[in-house]
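# With the input below, show me the fold.
(one chain, ligands or ions: 1)
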Amino acid sequence: MDILLKYFTDLTETQKEQFSKLQDLYKDWNLKINVVSRKDIDELYLRHVLHSLGIAKVMPFKPGSKVMDVGTGGGFPGIPLAILFPETQFHLVDSIGKKIKVVNEVAEGLGLENVRTTHGRVEEVKDTYDFIVSRAVAQMETFVRWTKGKIAKKQNHDLKNGILYLKGGDLTEELQKYTSATIYDLPNYFDEPFFETKKVVHLGMKFKG
Ligand SMILES: C[S@@+](CC[C@H](N)C(=O)[O-])C[C@H]1O[C@@H](n2cnc3c(N)ncnc32)[C@H](O)[C@@H]1O
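Predicted coordinates:
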């Protein structure tokens, strides 16, 4: 967990406590319901928690804003972001019920009051959000289709409301038709070799009229 303190220097005592609880919560729940690979559980803070917080380096969510995490799995990136931004409302969605069960247990174990969850497909979600975050769920074209109409029109942040997606590798082909997409390289924020090819893609939504 020291790795978090290196990059996030002004965590409150509550946040430090919540982040430090993650290891045991995920270790315990992972024995019952596998949401994090064996190899990754030992590197939870690097591969899951800090990686999720890459989005925070690009976009510090404002109090009162609304964020949906699509295909959250065991709660990434949603849970680490909900700890870091306690005044932002997070909606974590996954189509697999047992994953949502782990997310609910972890959120409850941490006492997070800014997290709600839905067991279902994102296509069925009716609400709107300032930002929709995700990691390892779908190609951008599919993701844009799934999330269409779910971005709020009212702007509260410097970056346009839209998608913030954690992606890796060469995105030239995948993002070819999204000329307005901005790629933020995570090595600009984090030194560890794990982040070498990792990025946050921001795709601001355009509205007609
Ligand atoms: C590879 S996992 C990634 C989990 C997590 N985001 C992470 O990075 O650790 C992909 C997740 O997306 C979920 N998923 C796929 N399509 C979905 C959809 N249309 N709506 C909601 N969840 C979906 C799957 O159930 C699965 O839990």
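# Quick one: mean pLDDT for stretch 137-147?
What stretch 137-147 shows for mean pLDDT is 96.
# mind listing what's buried in the helix or strand of the chain with the lowest mean pLDDT?
The weakest-scoring helix or strand in the chain, judged by mean pLDDT, DSSP states H and E, is helix 38-41 (a mean of 85). Under the neighbour-count criterion of 16 or more other C-beta atoms under 10 Å, helix 38-41 has I41 buried. Bear in mind the C-beta positions are built from the backbone N, C-alpha and C, glycine included.
# Contacts for that helix next, please.
Identification of contacts with helix 38-41 by C-beta atoms under 8 Å, 6 or more residues apart in numbering yields Y26, K27, N30, R47, H48.
# Buried members of those residues into PyMOL, please.
Of the contacts of helix 38-41, the buried ones can be selected in PyMOL as follows, counting by 16+ other C-beta under 10 Å:
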select buried, resi 26+30+47+48
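# Name the nearest of the contacts of helix 38-41 relative to the ligand.
H48 (6.5 Å; C-beta to the nearest ligand atom).
# Quick check: the nearest residue to the closest one once chain neighbours are set aside vs K99, distance?
Take H48 and drop its neighbours on the chain: the residue closest to it by C-beta to C-beta, 6 or more residues apart in numbering is F76, 5.1 Å away. Computed as C-beta to C-beta, to the nearest Å, the F76 to K99 distance reads 11 Å.
# circling back: the residue nearest to H48 reaches R135, doesn't it?
Yes: F76 is within contact range of R135, at 6.0 Å (criterion: C-beta atoms under 8 Å).
# Give me the longest helix you can find in this protein.
Ranked by residue count under DSSP state H, the longest helix found in the chain is helix 13-32.
# elements contacting that helix?
Where contact means 3 or more C-beta pairs under 8 Å, 6 or more residues apart in numbering; DSSP states H and E, helix 13-32 is packed against helix 38-41, helix 78-84, helix 97-110.
# Tell me how far D130 lies from G71.
Here D130 is placed at a distance of 19 Å from G71 (C-beta to C-beta).
# What of H157?
23 Å.
# more crowded one of the two?
G71 (20 against 14; other C-beta atoms under 10 Å).
# what about the strands in the protein?
66-70, 89-94, 115-119, 131-135, 162-168, 182-185, 198-204 (DSSP state E).
# Just put these in a markdown table and tack on mean neighbour count and distance to the ligand.
A markdown table is the format used below for the strands of the chain (neighbours: other C-beta atoms under 10 Å; distance: least, C-beta to the nearest ligand atom, whole Å):
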| stretch | mean neighbour count | distance to the ligand |
| --- | --- | --- |
| strand 66-70 | 25 | 6 |
| strand 89-94 | 25 | 5 |
| strand 115-119 | 18 | 9 |
| strand 131-135 | 26 | 4 |
| strand 162-168 | 22 | 7 |
| strand 182-185 | 15 | 17 |
| strand 198-204 | 21 | 12 |
